[in-house]
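**Q** 3D, please:
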Amino acid sequence: MENIKNLNKYFDHTLLKAEATEKEIKKLCEEAKQYEFYSVCVNGCYVPLAVEELKASEVKVAAVVGFPLGAMATEAKAFETDWVCNSGAKEVDMVINVGALKEGKYDYVRDDICAVVAMADEYDSTVKVILETCLLTDAEITKACELSMEAGAEFVKTSTGFSTGGATEHHVALMRKTVGEHAKVKASGSIRDLGTTLKMIEAGADRIGASASVAIMNAFQQK
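**A** Below is the predicted model:
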């Protein structure tokens, strides 16, 4: 892992805090262009700004949907997906209905994801399904990954970063084992240094969500 190439392309450079300002979003985009990160990940209202800031670059814009609790109506998630994709988001990070999963309402969980995937597909946008692994058992994580694949999502993702914990090597490895080559895995939440980043990639992560991407890359380039 020490010789990994193009570490910058693993990163969704992220700013999702409630108090984020336009100035901070512009800085996020400038950093993403400088380091050539894969994408920036922002709240929906900032998608048009991010698209404008990144229009001359290859950096994609990702938006969160149903964030951070995942407990709104499926129709609301679909509408939000339509809005952010129509505004230029090429990736959508949606949160599952965690309570429904825990109650065994698997058809509801699958249909909830399907609605977002169907809307995103109209724009040729990628969907990542946030499981919020810190709230789930291993069996529930496995089931959520299976439902996500059945719904046609391209990624499963560990965390919002706004719950009781973030990504762990164990959860990333479990998700990788469950989805195999049928989907990709994004690790996010509590990834603040190079060592943790490399451990997540080694565990099976295809993408990293982090707000500390610049510091991580600086540490990587100094090795």
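**Q** which residues of this protein fall in strands?
**A** Using DSSP state E, the strands of the chain run over 11-15, 39-42, 60-65, 91-95, 126-130, 155-157, 184-188, 207-210.
**Q** ranges for the helices of the chain?
**A** In the chain, the helices defined using DSSP state H lie at 22-35, 47-53, 74-86, 98-102, 106-121, 138-150, 169-179, 194-203, 213-221.
**Q** returning to what we had before: format the strands of the chain as a markdown table; extra columns: mean neighbour count and mean pLDDT.
**A** (Glycine included, C-beta is placed from N, CA and C.) Output for those, formatted as a markdown table (neighbours: other C-beta atoms under 10 Å; pLDDT from 0 to 100):
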| stretch | mean neighbour count | mean pLDDT |
| --- | --- | --- |
| strand 11-15 | 24 | 98 |
| strand 39-42 | 28 | 99 |
| strand 60-65 | 26 | 99 |
| strand 91-95 | 27 | 99 |
| strand 126-130 | 26 | 99 |
| strand 155-157 | 26 | 99 |
| strand 184-188 | 26 | 98 |
| strand 207-210 | 27 | 98 |
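**Q** between those strands, which gets nearest to Q221?
**A** strand 11-15 (13.4 Å; C-beta to C-beta).
**Q** could you give the separation of the closest one from the chain centroid?
**A** 9 Å (C-alpha atoms, centre = their mean, to the nearest Å).
**Q** contacts for it, please.
**A** Contacting residues not belonging to strand 11-15 are listed as 24-25, 28, 31-32, 35, 37-42, 62, 91, 93, 161, 186, 188, 207-211, 213-214, 216-217 [C-beta atoms under 8 Å, 6 or more residues apart in numbering].
**Q** strands paired with that strand, and their directions?
**A** strand 39-42 (parallel), strand 207-210 (parallel) (DSSP bridges).
**Q** hmm, who's touching the first one?
**A** Yep, that's strand 39-42 we're talking about. So strand 39-42 is contacted by 11-16, 20, 25, 28-29, 32, 50, 54, 59-64, 90-91, 93, 209 (C-beta under 8 Å, 6+ apart).
**Q** please redo it, this time with the cut-off set to 6 Å
**A** Contact with strand 39-42 is made by 12-14, 28-29, 32, 50, 60-62, as judged by C-beta atoms under 6 Å, 6 or more residues apart in numbering.
**Q** just how off-centre is stretch 206-218 within its chain?
**A** Averaged C-alpha coordinates place stretch 206-218 at 13 Å from its chain's average position (C-alpha atoms, centre = their mean).
**Q** give me the contacts around that stretch.
**A** Outside stretch 206-218, the residues touching it (C-beta under 6 Å, 6+ apart) are 8, 10-14, 31, 35, 184-188, 191-192, 194, 197.
**Q** now swap in stretch 92-107 and tell me
**A** Contacts of stretch 92-107 (C-beta under 6 Å, 6+ apart): 62-67, 70, 81, 108-109, 112, 116, 120, 125, 127-128, 130, 132, 135, 144.
**Q** okay, now Y35: neighbour count?
**A** Y35 sits with 19 neighbouring residues when counted by other C-beta atoms under 10 Å.
**Q** what about N218, how many residues nearby?
**A** 12.
**Q** oh, that last question was meant for L69, not what I typed.
**A** Neighbour tally, L69, other C-beta under 10 Å: 14.
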